[in-house]
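[1] For reference, the sequence and a predicted model appear below.
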Amino acid sequence: MRYLFRAVKYFLAFCVLYLGVVWLSVATTKGMDVSVWDYVVATLATQRGQLLVAAVVVLSAAYPWFGFVVRRMKWNMATDADELIAMFAAAGFSLKSQAEGRMVFKATNILDRIVMLFEDEIEVEQQGEEIVVSGIRRGVAKIVYRLG
């Protein structure tokens, strides 16, 4: 269910991005008396417009699969928890919750949260001598880079 919710969220984000680009295009073109809705309808009536819709649907459906990752690293949360929290803070994340062997971080900047479509939670879990860092690819990449 979470996968489907994310896919729908990304589809809507792509639609908003497309409408924004169309609005900018229509607003900056002088002498063109066309509304955004007319432009969208005319585009969707063409084969290219239909291919655009199909591409957006496929990309939206696939993004939750490749946009979220799990990485393993050598780390001991019990002894180095403060250093881990400091590295997350330097990457723009704050500690949301903490339990035995598990921490959840959330982006602190509202702009980062919006760009990540509020999928900004990164979970860190201790498994043996390693930690497992999971979440959105952009956030996990920032953390793994700092930890490595």
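    Looks like it came in fine.
[2] ok, the residue nearest to residue 146 when sequence neighbours are not counted to residue 147 distance?
    In this structure, residue 146 finds its nearest non-sequential neighbour in residue 87, 4.6 Å apart by Cβ to Cβ, 6 or more residues apart in numbering. (Glycine included, C-beta is placed from N, CA and C.) Distance from residue 87 to residue 147, counting by Cβ to Cβ, to the nearest Å: 6 Å.
[3] between the two, who's got more neighbours?
    Under the criterion of other Cβ atoms under 10 Å, the comparison of residue 87 against residue 147 puts residue 147 first, with 19 against 16.
[4] got a list of what that one touches?
    Contact partners of residue 147, counting by Cβ atoms under 8 Å, 6 or more residues apart in numbering, are 73, 75, 84, 87, 133.
[5] any idea which of those residues is closest to residue 36?
    Nearest to residue 36 among the contacts of residue 147 is residue 133, at 41.3 Å by Cβ to Cβ.
[6] Could you check how far the helix ranked longest in the chain is from the centre of its chain?
    Counting residues, the longest helix in the chain under DSSP state H turns out to be helix 2-28. Taking Cα atoms, centre = their mean, to the nearest Å, one finds the center of helix 2-28 at 14 Å from the center of the full chain.
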